[in-house]
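Asks: Show me the folded form of this:
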Amino acid sequence: MGYNKNNFKRIREEYQTKCFRARAVADERKEELYREIEGLRELDQRLSSFGLRIMQTAIAQGNTGEGIAKLREENEKITAARAELLRIHGFPADYSDPQYECTKCGDTGYVGIKMCSCMRKQLIEAGMASSGLSTLMRSQSFENFSLDYYRQNPKDFEIMSRNYQNLVGYAKGFSMEKDRPMPSSLLLLGGTGLGKTHLSTSIARVVIERGYDVYYNSAVGMLSDFEQRRFGNGLTTGDDDGDNTARYTECDLLIIDDLGTEVVNQFTLSCLYHVINTRLNLQKPTVVSTNLSSAELRKLYTDRLASRLLGEYQVVPFYGVDVRKQKLLKK
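Replies: Numbering: from 1, shown residues only. Predicted coordinates for the structure are as follows:
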């Protein structure tokens with residue numbers, strides 16, 4: 001999986017800290033009990049020796065040996081005596097046990113070699129926060145995308161229904177595994193208010209939940225980042241190397257919204273070409289949405305950029321009547 005490397009590093013360190021802290025608190029409580037309860041330390045020493053004694057007996061007698069059964073019985077008696085001793089002194093039996101937030105993984109983030117569901121949940125939440133789409137994803141998903149707004153024209157409804165199903169399949173089948181075909185790059189093309197941002201946000205949500213690093217920005221916002229890197233005062237934020245533009249080529253899925261709203265000049269054309277061409281070369285998918293027609297794309301951008309968008313991306317045409325206007329009329 002391709003969880004964002006900065007998120008993964010931060011959350012992994014948080015888990016290590018949580019685990020060490022829980023164990024340190026348990027050790028402090030154990031010392032407190034030893035000061036309060038005479039004879040408890042000796043019981044714990046006897047309990048801690050059972051593992052070695054059982055292993056030695058198993059080697060000598062085999063796992064079915066009578067000696068192991070006796071050791072287990074002795075262990076149970078001492079454990080019960082320890083719990084009773086704590087109860088008499090007003091402490092719960094688990095007072096000196098580490099109090100982990102997650103009992104499945106013991107706050108390590110892993111159950112054996114498999115990532116625990118608690119750590120996966122935190123990585124997904126962090127991925128949504130760092131994707132640039134956290135606000136939109138609270139209100140936009142495949143589940144609340146309504147095709148009813150396209151029913152005015154049967155042909156529009158047919159095309160948009162097909163688009164919806166294809167994009168759901170794209171998101172749910174998204175994989176960057178080496179033994180799987182690389183996902184296509186998509187060009188969502190159509191007028192304003194037809195659901196391009198809603199559906200690209202929905203794709204992002206599902207792909208993040210599948211464990212991949214997604215980054216979203218408008219074309220204007222992306223180019224602003226490149227301008228800051230080149231012309232700014234050097235006070236950048238983001239990746240460890242101080243270059244906050246690196247993620248545009250490094251993330252598993254990049255979503256560029258509203259292509260065509262940016263100022264087009266030699267610098268912005270160069271940046272757009274760099275991102276789009278680099279990701280094609282690296283076989284990393286990109287979802288681009290634009291209100292421009294294919295003819296307008298060819299007119300506004302250089303041939304080498306337009307040819308990549310229209311020739312190497314899967315074009316997804318959007319049709320219908322501006323959904324925002326329809327909602328306003330209903331109000």
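
Asks: any idea which helix is longest in this protein?
Replies: Secondary structure of the chain per DSSP state H: the longest helix is helix 5-36.

Asks: which stretches of the stretch 1-150 of the chain aren't confidently modelled?
Replies: Applying pLDDT under 70 to the stretch 1-150 of the chain picks out residues 1, 58, 61-65, 134.

Asks: That one: helices as residue ranges?
Replies: Using DSSP state H, counting those that start in this stretch, the helices of the stretch 1-150 of the chain run over 5-36, 40-48, 50-61, 66-88, 117-130, 134-137.

Asks: Would you tell me which one of the ones you listed is buried the most?
Replies: helix 117-130 (a mean of 18; mean count of other CB atoms under 10 Å). Any C-beta I mention is one placed from the backbone N, CA and C, and that applies to glycine too.

Asks: Helix 66-88 and the longest helix of the chain, what's the angle between them?
Replies: Computed with axes from the mean of the first three to the mean of the last three CA atoms, to 10 degrees, the direction of helix 5-36 lies at 80 degrees from that of helix 66-88.

Asks: The residue most central in space within the chain and His198: what is the separation?
Replies: The centre of the chain sits closest to Ile124, judged by CA atoms, centre = their mean, with a distance of 3.2 Å. Distance, Ile124 to His198, using CB to CB, to the nearest Å: 20 Å.

Asks: related to what we said a few turns ago, looking at the helices of the stretch 1-150 of the chain, which is closest to Val323?
Replies: Proximity to Val323, assessed across the helices of the stretch 1-150 of the chain by CB to CB, is greatest for helix 134-137 (15.0 Å).

Asks: And that closest one, what does it pack against?
Replies: helix 196-209 (3 or more CB pairs under 8 Å, 6 or more residues apart in numbering; DSSP states H and E).

Asks: dump the residue contacts of the residue of the chain most remote from its centre.
Replies: Distance from the C-alpha centroid of the chain peaks at Glu66, with 51.0 Å (CA atoms, centre = their mean). By CB atoms under 8 Å, 6 or more residues apart in numbering, the contact set of Glu66 is empty.

Asks: can you do 10 Å?
Replies: Residues counted as contacts of Glu66 (CB atoms under 10 Å, 6 or more residues apart in numbering) are Thr57.

Asks: separation between it and Arg72?
Replies: Counting by CB to CB, the gap from Glu66 to Arg72 is 11 Å.

Asks: Likewise for Gln228?
Replies: 66 Å.

Asks: would you turn the helices of the stretch 1-150 of the chain into JSON lines with distance to Asp322?
Replies: Output for the helices of the stretch 1-150 of the chain, formatted as JSON lines (distance: least, CB to CB, whole Å):
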{"stretch": "helix 5-36", "distance to Asp322": "36"}
{"stretch": "helix 40-48", "distance to Asp322": "71"}
{"stretch": "helix 50-61", "distance to Asp322": "70"}
{"stretch": "helix 66-88", "distance to Asp322": "69"}
{"stretch": "helix 117-130", "distance to Asp322": "28"}
{"stretch": "helix 134-137", "distance to Asp322": "18"}
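
Asks: Which of those sits closest to Thr290?
Replies: Closest among these, using CB to CB: helix 134-137, at 17.6 Å.

Asks: Just after the closest one, pick out the following helix or strand.
Replies: Per DSSP states H and E, the first helix or strand lying C-terminal to helix 134-137 is helix 154-172.

Asks: Give the other helices and strands that that following helix contacts.
Replies: Secondary structure elements in contact with helix 154-172, counted by 3 or more CB pairs under 10 Å, 6 or more residues apart in numbering; DSSP states H and E, are strand 186-189, helix 196-209, strand 286-290, strand 314-317.

Asks: Not counting its neighbours along the chain, what's nearest Met119?
Replies: Here the nearest residue to Met119 in space, its sequence neighbours aside, is Gly109; by CB to CB, 6 or more residues apart in numbering that works out to 3.8 Å.

Asks: so who does the residue nearest to the centre of the chain touch?
Replies: 3, 7, 205, 208-211.

Asks: Of these, grab the buried ones for ChimeraX.
Replies: Those of the contacts of Ile124 that count as buried under 16 or more other CB atoms under 10 Å are selected in ChimeraX with:
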select :3,7,205,208,210,211
